[in-house]
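1. Turn this into a model:
(one chain, ligands or ions: 2)
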Amino acid sequence: MTKFQDLGIKEDILRGITDQGFEEAFPIQEAVIPVLLTGRDVVGQAHTGSGKTAAFALAMLQEIQPKNGIQGLIMAPTRELAIQISDEIKKFAKHTKLKVATVYGGQGMGVQLDALHRGVEIVVATPGRLIDHLKRGSIELRDISHIVLDEADTMLDMGFIDDISFILDLAPEDRVMSLFSATMPTEILRLSEEYLKNPKQFLLDADDLSGEGIDQSYLVIKDRDKFKYLIDFIKPIKGQSIVFCSTKYRTRDVAKFLHQEKYNAVAIEGDMSQHRREQSMGKFRSGKADILVATDVASRGIDVPRVELVINYDVPNVEMAYFHRIGRTARAGAKGRAITFVSYSSVGDWNLIKRQIKVPLRDLNQEMGIEISIPDPLKRQMPSRRYGGQSRSNYSRGGGRSGGYGRGRDRDDRGGGRKRYRDRDSKNSYGGRSRW
Ligand code: ADP
Ligand code: MG
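-> Ligands and ions are numbered 1, 2, ... in the order given. Okay, here's the model as predicted:
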């Protein structure tokens, strides 16, 4: 086990680390920090909750000089994640003279401009709002020496890639850049070569998406029975839970039902005002709320250590989202539980995800003696069977979904799925519809 001192971290940063109660570097930190400090680009993959934030943040803080302009830029896909990263860096930087600004959509420009005017060395941003600042000249990238893309596979995905390219073109060529995510599909690794120079890759557990320390199970039930089971599973939980739903509408509904049952639940989804989003996250982080009901806006990167249980109220319609969602529990080596509700119509989607889960998965129908009576789609579509292929295409709804990496799907094939509303407006989100 390596101490942070042994990684050559400066005294003033070490004090911030000690304040956090970190004693030893986690494996990804031990691997990545020395390499970033030599000025080499890095791709860092390690499972959810393994400490990737500190890996890039500490290396950045070590290299950046006070009062020399904006030298560090970190980009993240959601506002809540940008805020979280920023908060974590501020804690590490507490005993240094380095300052951080957080730049994201939905918050008034004034607050951000004030922060920037005071002079900062590090900016943590979501891409849409960063571009607005770049266009109005309130942020310049000429002094940038360190760039990080957190949740890099999302950042280099179709929804963000144009924005990211635009931003990177404005930054100096001579910079250290790193990518981090729990999921690093080969097509993203290939794409990263366009942006990184001879990166050193750390794929710590790339073949094992399973979710260490998470007891995973699933239950096939009728959609209308889901709420009853949700209550059954949530009732005995002493810590916190996150319930992931497939749409904003369902998120609101489930939160409403939980309120009616007198549960202390908050919701987060992309159509809520930023103020309410932050209010919900604030209550959940502080433990004032026990349950967070969320769309995939909360599936990536969010770190709330007390989360004991993740319930996928709906099967996610992007495969990687499953592993990110369940990774909201079992943070930093803790234990957690994830239960997925599979409605009859999602069995095909679920089977695709199930194939990628490499740890024992508990079948709750069997354990709890709950029978499944899925209408046989082949029987239901008898007439079309006569025409060969047609019944198959009706049956395998999941096979035609968009968004699954690693199944050889063409990137251009995603238009039909939910990613359609990943347009520029949505990311800017001044009232425009957001992805989640
Ligand atoms: P990831 O980005 O890999 O999902 P995070 O960076 O969010 O993980 O870290 C997960 C949790 O682990 C956070 O609560 C963080 O404070 C904690 N953590 C990170 N590094 C250490 C460490 N070296 N010792 C103890 N806790 C740590
Ligand atoms: Mg992270």
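2. Spatially central, which residue of the protein would that be?
-> R300 (1.2 Å; Cα atoms, centre = their mean).
3. pretty sure that one is touching A152, no?
-> No - assessed by Cβ atoms under 8 Å, R300 is found out of contact with A152, at 10.8 Å. From N, CA and C alone the C-beta is placed, and that goes for glycine too.
4. how about the residue nearest to the centre of the chain, what does it touch?
-> Residues counted as contacts of R300 (Cβ atoms under 8 Å, 6 or more residues apart in numbering) are P77, T78, L81, E151, T154, H324.
5. State the pLDDT value of the fifth one.
-> I take that to be T154. Confidence at T154, expressed as pLDDT, is 95.
6. so it is in which element?
-> If you go by DSSP states H and E, T154 is part of helix 152-155.
7. what's the next secondary structure element after that helix?
-> Trace forward from helix 152-155 with DSSP H and E and the next one is helix 158-170.
8. Tell me which other helices or strands that next one touches.
-> Counting contacts by 3 or more Cβ pairs under 8 Å, 6 or more residues apart in numbering; DSSP states H and E, helix 158-170 packs against strand 72-75, helix 127-136, helix 152-155, helix 424-428.
9. returning to that earlier point: redo the contacts of R300 as a markdown table? Include distance to M368 and neighbour count.
-> A markdown table is the format used below for these (distance: Cβ to Cβ, whole Å; neighbours: other Cβ atoms under 10 Å):
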| residue | distance to M368 | neighbour count |
| --- | --- | --- |
| P77 | 36 | 26 |
| T78 | 35 | 27 |
| L81 | 35 | 25 |
| E151 | 35 | 24 |
| T154 | 35 | 24 |
| H324 | 27 | 26 |
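10. out of these, which one sits closest to I13?
-> Nearest to I13 among these is L81, at 22.2 Å by Cβ to Cβ.
11. Dihedrals phi and psi, the residue nearest to the centre of the chain?
-> phi -110, psi 130 (degrees, to the nearest 10).
12. could I get the helices and strands packed on helix 158-170 as TSV with distance to ligand 1?
-> Formatted as TSV, the helices and strands packed on helix 158-170 follow (distance: least, Cβ to the nearest ligand atom, whole Å):
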stretch	distance to ligand 1
strand 72-75	12
helix 127-136	19
helix 152-155	11
helix 424-428	21
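13. Any chance of the ones you listed in JSON lines with distance to I17 as columns?
-> Formatted as JSON lines, these follow (distance: least, Cβ to Cβ, whole Å):
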{"stretch": "strand 72-75", "distance to I17": "17"}
{"stretch": "helix 127-136", "distance to I17": "28"}
{"stretch": "helix 152-155", "distance to I17": "24"}
{"stretch": "helix 424-428", "distance to I17": "33"}
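14. Next up, the contacts around the residue of the stretch 51-200 of the chain found nearest ligand 2.
-> Closest contact between the stretch 51-200 of the chain and ligand 2, by Cβ to the ion, is at K52 (4.7 Å). Contacts for K52 (Cβ under 8 Å, 6+ apart) come out as I28, G44, A46, D150, F180, S181, A182.
15. so who does the last one touch?
-> Going back to what we said before, that points to A182. Q45, A46, H47, T48, S50, K52, L209, F323, H324, G327.
16. how close does the first one sit to I33?
-> What it means is Q45. Distance of Q45 to I33, computed by Cβ to Cβ, to the nearest Å: 15 Å.
17. Would you confirm that D314 contacts S343?
-> Yes - when contacts are counted by Cβ under 8 Å, D314 is listed as touching S343 (7.4 Å).
18. which one of the two has more residues nearby?
-> D314 (23 against 20; other Cβ atoms under 10 Å).
19. show me the residues around that one that make contact.
-> F244, C245, S246, T247, R250, F341, S343, S346.
20. On the three-state scheme, it is what?
-> coil (DSSP: H, G, I helix; E, B strand; the rest coil).
21. how far away is it from S241?
-> 15 Å.
22. cool, and I188?
-> I188 is 31 Å from S241, by Cβ to Cβ.
23. again, but for E30
-> Relative to S241, and taking Cβ to Cβ, E30 is found at 32 Å.
24. out of these two, which sits in the more crowded spot?
-> Between E30 and S241, counting by other Cβ under 10 Å, S241 is the more crowded of the two (25 against 19).
25. check which helix or strand covers the residue lying closest to that one once chain neighbours are set aside.
-> Using Cβ to Cβ, 6 or more residues apart in numbering and skipping the chain neighbours, the partner closest in space to S241 is L309 (4.3 Å). With elements taken from DSSP H and E, the one containing L309 is strand 307-312.
26. neighbouring contacts of that strand?
-> 230, 233-234, 237-244, 322, 325-326, 328-329, 331, 336-341.
27. That one vs ligand 1: in contact?
-> No - Strand 307-312 lies out of reach of ligand 1 by Cβ under 6 Å from any ligand atom, never closer than 10.8 Å.
28. List the residues that contact the closest residue in space to I89 that isn't next to it in sequence.
-> Nearest residue to I89 in three dimensions, chain neighbours excluded: A57, at 4.7 Å (Cβ to Cβ, 6+ apart). By Cβ under 8 Å, 6+ apart, the contact set of A57 is I74, I85, E88, I89, F92.
29. Please flag which of these sit within strands.
-> If you go by DSSP state E, the contacts of A57 have I74 in strands.
30. ok, the contacts of A57 vs K222, which is closest?
-> Nearest member of these to K222, counting by Cβ to Cβ, is I85, at 40.1 Å.
31. got a list of what the closest residue to that closest one other than its chain neighbours touches?
-> Computed as Cβ to Cβ, 6+ apart, the closest residue to I85 that is not its neighbour in sequence is V124, at 5.1 Å. Neighbour list for V124: I74, M75, A76, A82, I83, I85, S86, I89, V100, A101, T102, V103 [criterion: Cβ under 8 Å, 6+ apart].
32. Same question for A321.
-> D296, S299.
33. So it belongs to a helix, correct?
-> Yes - assessed with three-state DSSP, A321 lies in a helix.
34. That one and ligand 2, how far apart?
-> 15 Å (Cβ to the ion, to the nearest Å).
35. repeat for G39
-> 23 Å.
36. Check the secondary structure at that residue for me.
-> coil.
37. Give me the number of neighbouring residues for it.
-> With other Cβ under 10 Å as criterion, G39 counts 12.
38. Nice, that's everything, thank you.
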